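Asker: here you go, sequence then predicted model.
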Amino acid sequence: MFSLAFDRALSGDVNVKRLSGDFIVPAEPSFPLGLETMDVHIAARPADQGSSRVTAELTVATKEMGRATAKASTLLHASPEGGFDVRDSDVKTVEVHADIGNLAWLSLFVGDAMDIGGSLHADVSARSRPDGTWATSGTVTGEQIRVVRVDDGVRLLDGELRGHFENDQFILDRLYFPARLRVTPQEWRTAEWVSENPDAKDGGLTLTGSWSLYESTGLINIDLYRYPLLQRSDRYAMVTGKLAVDAPGEKFAISGNIMVDAGWVDMDMLASVPSLDSDVVVIRAGETVGQASAPVDIELDIIVDLGPRFYITGYGVNSGLVGQMRIMMSGGRLTAEGALRTRGGAIEIYGQRLQLRRGTITFQGDITNPVLNIEALRTGLAVEAGVRVAGTAKRPRIDLVSYPDVSDVQKLSWLLLGRGPDDSGGDAALLFSVGTSFLAGGEPFYRKFGIDELSLRSGELGSTGSLLPVESVVRDLDSGTSDIERRFLVASKNIAAGFTLSLEQALSDTGTVGRISYRLARGLSAELSVGTVNGIALIYRTIFTD
């Protein structure tokens, strides 16, 4: 419905009212707005000669998003050519009043990983200046503000918002989230402290700051006190500290200091959670692959102190972790400086509980490649044996250690069996099979000494696999030897093309045989043996199949 007239200036009214229907919001995915009311009223009244004061009022009410009214006013000038124009020098005014009962619809714009909720009330007015900028005033309040990231365990609940507009800035007077303990940590020391200690109560997270509406720059200050920032069944962190988020243009600079009041990480759970690679994109039905947006330039300079109550469990580890590190990011490169140390605790491996005697993780650059210095021992024995991890995270070096220092075989025996190795050789098979993978990284430990193969065999020392006996004279009238007494250790090394040098050592006798073999052709080799068994042999080996 409208009624308009023109006599050197526009005058009249236009009214538009929704009778039925709805709007579809072009989000991903799109959704109906849920309109219940939409009224538009435009009034034009003659002002000075050749101009009119035009005022537009809009009222919108939706089923779930709430209600909003907006009113705007400006001068509309009639030109001699028969058109209309709005001049930059004219004063323009805007008034907005909004009551948003539920902010949950904002979750449609931020993805499935984040949930937003709460209510919002705003009374804002703006007045233009001749230079094109605006002077604003008014207040914004919010209740029961909720920001939840389920995957990360971040739950900001029951928030209270207070802010106001001042000239060309929005001032965040206070956005406060009280501490809410919604998940009890499964780690008993952390659960006991956060549940029973009075110091763990009455925490909160407070945000203050400002944002320039004209320059799109701002500064947000974050004050955390005893706030459970992470609450998941596999990780927990209650923190205290101050952070500053500076946005001078098209980048974010985050700096500050944080101390962990109580924290816990379960490494077993972290390793078991499936995740998609970064190059995998999930596309829902009806969606298309959009062009990747430019990454946000982020700079970090945060000092993190783990405090006195941070624990790590999983992978057999149960220990406290203390220390301080400085985390920095510049130019997309994440680095760190500082050192973290284990505080007591133990690690369980191969059925044994090893005490962490020393554990230091030192950061000197790349945050993914710290320097390791970790030592764990089986204590309370005549020989305290264990493992030492050195090097870097990307190239670790694992060694057996003992106090007092003994051979590697004895170290393994004291570590796994709690005693020295059996003189009869009965423990050798277990020790060497475990030792092959114990100092792992995928490479058997004996290769550190230049040995290509180390194995335990049973049979006749010096045998070439022939049907004939190794010796043709009687050495011992007792032929009732056990399988254990017939075992011997074989170490071999490829010294040149076709040449292999090996050494066989009996485990229950003094017999020793050195052997050098040369591969003459496929399946044909010549061998020279010296020691307990001496001889030269020409050997041909083949495999028969049915």
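Answerer: Alright, I've got the coordinates.
Asker: could I get the full set of strands for the stretch 1-150 of the chain?
Answerer: Secondary structure of the stretch 1-150 of the chain, counting by DSSP state E, counting those that start in this stretch: strands at 2-6, 10-17, 24-25, 31-32, 35-46, 51-62, 67-78, 84-85, 93-100, 114-128, 134-149.
Asker: mean neighbour count added to the ones you listed, as CSV?
Answerer: Using the backbone N, CA and C atoms, a C-beta is placed for each residue, glycine as well. Shown next, in CSV, are the strands of the stretch 1-150 of the chain (neighbours: other Cβ atoms under 10 Å):
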stretch, mean neighbour count
strand 2-6, 11
strand 10-17, 14
strand 24-25, 12
strand 31-32, 12
strand 35-46, 15
strand 51-62, 18
strand 67-78, 16
strand 84-85, 12
strand 93-100, 16
strand 114-128, 17
strand 134-149, 16
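Asker: so Met328 versus Ile303, what's the distance?
Answerer: For Met328, the distance to Ile303 equals 10 Å [Cβ to Cβ, to the nearest Å].
Asker: do Arg457 as well
Answerer: Counting by Cβ to Cβ, the separation of Arg457 from Ile303 is 58 Å.
Asker: and those two? Which one has more around it.
Answerer: Ile303 (17 against 13; other Cβ atoms under 10 Å).
Asker: tell me the helices and strands packed up against the helix or strand the more buried one falls within.
Answerer: Counting by DSSP states H and E, the element that carries Ile303 is strand 297-305. Strand 297-305 sits against strand 251-266, strand 317-330, with contacts defined as 3 or more Cβ pairs under 8 Å, 6 or more residues apart in numbering; DSSP states H and E.
Asker: I figured Ile100 hits Gly117, correct?
Answerer: No. Applying Cβ atoms under 8 Å as the test, Ile100 and Gly117 come out as separate, 10.7 Å apart.
Asker: for the protein, which spans come out with low pLDDT?
Answerer: 27-29, 269-296, 350-351, 422-449, 456, 458, 462, 464-486, 507-509, 541-546 (pLDDT under 70).
Asker: doesn't Asn373 make contact with Thr392?
Answerer: No. Using Cβ under 8 Å, Thr392 is not in contact with Asn373, being 10.6 Å away.
Asker: the strands in the stretch 301-450 of the chain, which residues?
Answerer: Taking DSSP E, counting those that start in this stretch, the strands of the stretch 301-450 of the chain run over residues 310-314, 317-330, 333-349, 352-366, 371-377, 384-391, 396-403.
Asker: can you put the ones you listed in CSV and add mean neighbour count?
Answerer: Below are those laid out as CSV (neighbours: other Cβ under 10 Å):
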stretch, mean neighbour count
strand 310-314, 20
strand 317-330, 18
strand 333-349, 17
strand 352-366, 17
strand 371-377, 20
strand 384-391, 19
strand 396-403, 16
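Asker: and Val124, which of those strands is closest to it?
Answerer: strand 317-330 (35.8 Å; Cβ to Cβ).
Asker: and the closest one, what does it pack onto?
Answerer: Applying 3+ Cβ pairs under 8 Å, 6+ apart, one finds that strand 317-330 contacts strand 297-305, strand 310-314, strand 333-349, strand 352-366.
Asker: helix, strand, or coil at Asp199?
Answerer: Judged by DSSP: H, G, I helix; E, B strand; the rest coil, the three-state class of Asp199 is helix.
Asker: could you check how far it is from Asn494?
Answerer: Asp199 is 65 Å from Asn494, by Cβ to Cβ.
Asker: could you report the neighbour count for the closest residue to Asp261 other than its chain neighbours?
Answerer: Nearest residue to Asp261, sequence neighbours excluded (Cβ to Cβ, 6 or more residues apart in numbering): Met238, at 4.5 Å. By the criterion of other Cβ under 10 Å, Met238 has 27 neighbours.
Asker: Met238 sits in which helix or strand?
Answerer: Per DSSP H and E: Met238 is located in strand 235-247.
Asker: who touches the nearest residue to Thr510 once chain neighbours are set aside in this structure?
Answerer: Counting by Cβ to Cβ, 6+ apart, the nearest residue to Thr510 once its immediate chain neighbours are dropped is Thr532, at 7.9 Å. Contacts for Thr532 (Cβ atoms under 8 Å, 6 or more residues apart in numbering) come out as Leu461, Gly462, Ala506, Thr510, Gly511, Thr512, Val513.
Asker: using JSON lines, lay out these together with distance to Ile24.
Answerer: Listed next are these as JSON lines, based on distance: Cβ to Cβ, whole Å:
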{"residue": "Leu461", "distance to Ile24": "86"}
{"residue": "Gly462", "distance to Ile24": "87"}
{"residue": "Ala506", "distance to Ile24": "86"}
{"residue": "Thr510", "distance to Ile24": "91"}
{"residue": "Gly511", "distance to Ile24": "89"}
{"residue": "Thr512", "distance to Ile24": "87"}
{"residue": "Val513", "distance to Ile24": "86"}
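Asker: just flag the most distant two among the residues you listed.
Answerer: Using Cβ to Cβ, the pair of these lying farthest apart is Gly462 and Thr510, separated by 13.3 Å.
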